[in-house]
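# Generate a structure from the sequence data that follows.
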Amino acid sequence: MKIKLNGKEYTVKFGYAPVYKNKIIPRLVGMEKKGEGLEVIDNMLGFLPEFLLVGLQKFHADEFGFDFDDKEAKEKQLAKMYDLLDDYLDPENEEGKDIMSLYNDLSAEMEKNSFLSKMLAKEVQTAKKKPIKK
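The predicted model follows:
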């Protein structure tokens, strides 16, 4: 997936180590289950910068990389994400999207083009074959 942030194009790809070390899967699942209205927006605001940061590790570690075990280094890179997202989500930015569209794009990228894509596709097929219990 390509995303344009502040006039620069970036490639988002979710790699094994960043996804695992930053515990993205449990947080992603938690995002799907949490709340309504403003609570959902607040949760999204907290999760989206890290979700994007993890997706940028594969191809843009030179600019956004950090030691996954160093919280201070991670916070420094998250500050960059906050600034990028602030500009990207600005209503006047013609290239930007809204928060839910970006979240949906990142989620779809993880499902379709990450190291998890084959496993997730099998899970979906298995779920479709199971009869619904009443």
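
# how about low-confidence regions in the protein?
Counting by pLDDT under 70, the chain has low-confidence residues at 34-35, 121, 123-134.

# let's see it at 50
Using pLDDT under 50 as the threshold, the predicted model of the chain has low-confidence ranges 134.

# quick one, strands of it?
Counting by DSSP state E, the chain has these strands, from start to end: 2-5, 8-11.

# What residues of the lengthiest helix in the chain count as buried?
Under DSSP state H, the helix in the chain containing the largest number of residues is helix 37-64. By neighbour count, with 16 or more other Cβ atoms under 10 Å as the criterion, the buried positions of helix 37-64 are 44, 47-58, 60, 64. No exception for glycine: its C-beta is placed from N, CA and C like everyone else's.

# for the protein, what spans make up the helices?
Ranges of helices within the chain are 16-21, 24-33, 37-64, 71-88, 99-113, 117-129, based on DSSP H.

# Return the list of helices and strands in contact with the third one.
Helix 37-64 sits against strand 8-11, helix 16-21, helix 24-33, helix 71-88, helix 99-113, with contacts defined as 3 or more Cβ pairs under 8 Å, 6 or more residues apart in numbering; DSSP states H and E.

# so what's the residue nearest to residue 98 when sequence neighbours are not counted up against?
Closest residue to residue 98 apart from its sequence neighbours, by Cβ to Cβ, 6 or more residues apart in numbering: residue 89 at 6.9 Å. If you count contacts by Cβ atoms under 8 Å, 6 or more residues apart in numbering, residue 89 has them with 96-99, 102.

# export the residues you listed to a markdown table and tack on distance to residue 39?
As requested, those are arranged in a markdown table below (distance: Cβ to Cβ, whole Å):
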| residue | distance to residue 39 |
| --- | --- |
| 96 | 24 |
| 97 | 21 |
| 98 | 17 |
| 99 | 14 |
| 102 | 19 |
